[in-house]
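Colleague: fold the following for me, if possible:
(one chain, ligands or ions: 1)
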Amino acid sequence: MCGIIGIASNKPVSINIINSLKKLEYRGYDSAGLATLINNKIDEKKCSGRVEELEKILFKNPSDGNLGIGHVRWATHGVPNVLNAHPHSSEIVSVVHNGIIENSDELKQKLEIKGAKFKSQTDTEVITLLITEALKTDNPLESVFKTLKQLRGSFALGIIFKNNKDIIIGARRGSPLAVGYSQDENYLGSDSYALKSMTNKISYLDDGDLCVLTKDSVEFYDEDKKKINKKIYNLSDDKNTSDKGDYKNFMSKEIFEQPTTAKNCINEYIDTLKKDINIYNFPIQPKEINKIVLIGCGTAYHSCLVAKYWFEELTTIDVEIDIASEFRYRKLRFNYRNLYIFVSQSGETADTAAALDLCKKNKVKTCSIVNAVESTIARNSDWVLPIHAGPEIGVASTKAFLGQMIVLYILCLKLAKSRDDINNASYHELLDRFKSLPESIKKTLKIESSIQSMAKEFIDAKGSMFLGRGYSYPIALEGALKLKELSYLHAEGYPAGEMKHGPLALIEEGLPVIVIAPKDKYFEKTLSNMQEVIARGGKILFITDHKKELINENIRFGVRVPFVDTLLSPILFTIPIQLLAYHVALLKNCDIDKPRNLAKSVTVE
Ligand code: AGP
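Modeller: Got it, this is the predicted structure:
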């Protein structure tokens, strides 16, 4: 992960570096640092913790160079402290890095034999020292090329040089890197989001590319040192949505934005006049599709799991789902009649991007369902279905998950209709039920105060379990992930019917067990599984849309969400589990938008 920024300008850059680093904090927030060139010297400032700390350091001791690089870190090699914070500088060169150098130990040994001294525990410092060594005989560009040849692993780099005070060199292998253009100023950044407040003109480096920036020019090279041209994209303007307004944090804002997320998504894809779905240009003719393979990580993977149930229910297409980090290393038999769908909020997740690359190498058709339409995954896939959720800043994915599910459901309906798996009447009826979804989400959000009370049941808990069957099973997994991620409380998500095969051993007096039980074909079965938990002392917290009396001596707490439709239940039942994780984390005083050890965009393996 980690975020990098570089600015070459005709005026001091440190304030803009700090502002960009604040935007990049979603990529890592263990430590921060910057280096600028002042009076023919590299001026490095670093801190452990957040960018705010770095800002305080700069306030006391400004750094007013016109060219500089900055970094926010998500630790891989070495604990998060000042020594390991980036940039890593020698007398003559300073480097910021996102990624992992897999052969750093080997390179370090070779450098130490030559007398090099390391100050940090990071893999990045080998890059600094290799370039320093190469600069003894070569110019900056040649030194960087020479160094890159020796590196294994993934990286995006920003490099400045004491003796070449006008240039920043950027390089990419595996980890994303963008270049931004402006009047008398050019930029390097981990993504376009960090550069948006300064420019809307962006180019993206491809794997193996290198760029040389000055305040007036940008040159690109491929890995064979050949000069290349890059397309310049105009970014869309969505600055207004990346502000938390009156909300305490981004997560609560994003949870409460979900009626709008649903509305935007539905408006983009459903033509109410024609009573049809605006999805065309399938990379494979719908009737020719043999299998759909859905791939994602974390929460995005959970949306794939929900979609599997939809595709199986409404179409005759076989569905396979996989976690991207597993998919990319499996011995797969690719089929050109399979459609490979990649789901990702950021569109930059390293494992998902690598799984997509693998499909491309095997020449099969790919589709991405992404929130960030300017992302690597979107740019690299044959077909893109955006989720239109707007920027999601909170590390815990909420509105993007809801958007992913809605797009997947709409895609499923369109495929079902195009293949004649459902008839016209059912198609129109299912489309019709969709219309009320934003309103139902809004009503569901009103249960917040009940969820707030439910959250108190977790204060002294040692752990918890989330149970569901059918569509509610992925929601149970998502509930457990959200709770772990936000409140650091151990949580397990299970298909309720699986409890007796092992996890029931975890149930002890007072353990909170969240039972997700919509009024569907599994309802009675879920109740029976719940009885097995009650018999062993579990404290039941029950979420349903059934009219059944909620509270009895066995159910400690009950919450009712509005009933819409069994098929849409996973979308509505997502709201209570998000609110629950949020309120438990709030009670435990956790950092809601930036949970410990995590980052929003996971750009390392
Ligand atoms: C969700 O709350 C998590 N932070 C995480 O699991 C996330 O969904 C995962 O890293 C995938 O990210 P992506 O959607 O950007 O690919």
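Colleague: was I right to think Ser203 contacts Ile228?
Modeller: No: between Ser203 and Ile228 there is no contact under Cβ atoms under 8 Å: 10.5 Å. No exception for glycine: its C-beta is placed from N, CA and C like everyone else's.
Colleague: looking at these two, which one has more neighbours?
Modeller: More crowded of Ser203 and Ile228, by other Cβ atoms under 10 Å: Ser203, with 20 against 14.
Colleague: the residue nearest to the more buried one when sequence neighbours are not counted - how many residues pack around it?
Modeller: Nearest residue to Ser203 in three dimensions, chain neighbours excluded: Lys230, at 3.9 Å (Cβ to Cβ, 6 or more residues apart in numbering). Applying other Cβ under 10 Å, we find 16 residues neighbouring Lys230.
Colleague: equivalent analysis for the one 4 residues further on, please.
Modeller: By the criterion of other Cβ under 10 Å, Asn234 has 9 neighbours.
Colleague: check what pLDDT the residue nearest to it when sequence neighbours are not counted gets.
Modeller: Spatial nearest neighbour of Asn234, chain neighbours left out: Asn200 (5.7 Å); criterion: Cβ to Cβ, 6+ apart. On pLDDT, Asn200 comes in at 90.
Colleague: got it, and Asp238?
Modeller: Looking at Asp238, its pLDDT is 57.
Colleague: same question, Asp271
Modeller: If you check Asp271, the pLDDT there is 87.
Colleague: which residues does the closest residue to it other than its chain neighbours contact?
Modeller: Distance criterion Cβ to Cβ, 6+ apart; nearest residue to Asp271, sequence neighbours excluded, is Asn278 at 5.4 Å. By Cβ atoms under 8 Å, 6 or more residues apart in numbering, the contact list for Asn278 reads Glu268, Tyr269, Ile270, Asp271.
Colleague: Leu141 contacts Ile168, correct?
Modeller: No: the pair Leu141 / Ile168 is not scored as a contact, 11.9 Å apart, by Cβ under 8 Å.
Colleague: between those two, what contacts are shared?
Modeller: Here Leu141 and Ile168 share the contacting residues Val212, scored by Cβ under 8 Å, 6+ apart.
Colleague: who has more neighbours, these two?
Modeller: Higher neighbour count among Leu141 and Ile168: Ile168, with 28 against 16, using other Cβ under 10 Å.
Colleague: okay, and the beta partners of the more buried one?
Modeller: Note on Ile168: beta-bridge partners Ile160, Leu213, judged by DSSP bridges.
Colleague: pretty sure Gly33 is in a strand, no?
Modeller: Yes: using DSSP: H, G, I helix; E, B strand; the rest coil, the secondary structure at Gly33 is a strand.
Colleague: residue contacts, the nearest residue to it once chain neighbours are set aside?
Modeller: The shortest distance from Gly33 to any non-neighbouring residue, by Cβ to Cβ, 6+ apart, is to Lys46 (3.5 Å). Lys46 makes contact with Ser31, Ala32, Gly33, Leu34, Leu54, Val82, Ala85, His86, Pro87, according to Cβ under 8 Å, 6+ apart.
Colleague: what kind of secondary structure is Lys22 in?
Modeller: Using three-state DSSP, the structure places Lys22 in helix.
Colleague: close to the ligand: what parts of the protein are there?
Modeller: 297-300, 344-346, 349, 352, 395-397, 485, 602 (Cβ under 6 Å from any ligand atom).
Colleague: pull out the buried positions in stretch 23-41.
Modeller: Across stretch 23-41, burial judged by 16 or more other Cβ atoms under 10 Å covers 23-38.
Colleague: ok, so of the residues you listed, who is nearest the ligand?
Modeller: Nearest to the ligand among the buried residues of stretch 23-41, counting by Cβ to the nearest ligand atom, is Tyr26 at 9.9 Å.
Colleague: confirm that the closest one sits in a strand.
Modeller: No: according to three-state DSSP, Tyr26 belongs to no strand; its state is helix.
Colleague: quick check: it touching Val602?
Modeller: No: between Tyr26 and Val602 there is no contact under Cβ under 8 Å: 10.7 Å.
Colleague: enumerate every residue touching the residue of the chain found nearest the ligand.
Modeller: With Cβ to the nearest ligand atom, the shortest gap between the chain and the ligand falls at Gly298, namely 1.8 Å. By Cβ under 8 Å, 6+ apart, the contact set of Gly298 is Ser397, Leu481, Val602.
Colleague: closest one of those residues to Gln452?
Modeller: The closest of the contacts of Gly298 to Gln452 turns out to be Leu481 (Cβ to Cβ; 20.7 Å).
Colleague: what helix or strand does the residue lying closest to Gln345 once chain neighbours are set aside sit in?
Modeller: Excluding the flanking residues, the one nearest Gln345 by Cβ to Cβ, 6+ apart is Ala400, at 3.8 Å. Following DSSP states H and E, one finds Ala400 within helix 399-418.
Colleague: so which elements touch that helix?
Modeller: helix 258-269, strand 276-277, helix 298-314, strand 365-370, strand 383-386, helix 424-434, helix 569-587 (3 or more Cβ pairs under 8 Å, 6 or more residues apart in numbering; DSSP states H and E).
Colleague: could the ones you listed be laid out in TSV, adding distance to Gly153?
Modeller: Below are the helices and strands packed on helix 399-418 laid out as TSV (distance: least, Cβ to Cβ, whole Å):
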stretch	distance to Gly153
helix 258-269	36
strand 276-277	42
helix 298-314	22
strand 365-370	25
strand 383-386	28
helix 424-434	45
helix 569-587	34
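Colleague: would you map out the domains in this structure?
Modeller: For the chain, automatic domain parsing gives the domain ranges 3-234, 250-435, 446-587.
Colleague: so for Lys244, which of the ones you listed sits nearest?
Modeller: Closest approach to Lys244 among the domains of the chain is made by domain 250-435 (5.2 Å; Cβ to Cβ).
Colleague: pull up the gap between the residue of the chain closest to the ligand and Leu477, please.
Modeller: Using Cβ to Cβ, to the nearest Å, Gly298 is found at 10 Å from Leu477.
Colleague: next, count neighbours for the residue nearest to Gln345.
Modeller: Counted with other Cβ under 10 Å, residues neighbouring Ala400 total 26.
Colleague: the one 4 residues further on now?
Modeller: Gln404 sits with 29 neighbouring residues when counted by other Cβ under 10 Å.
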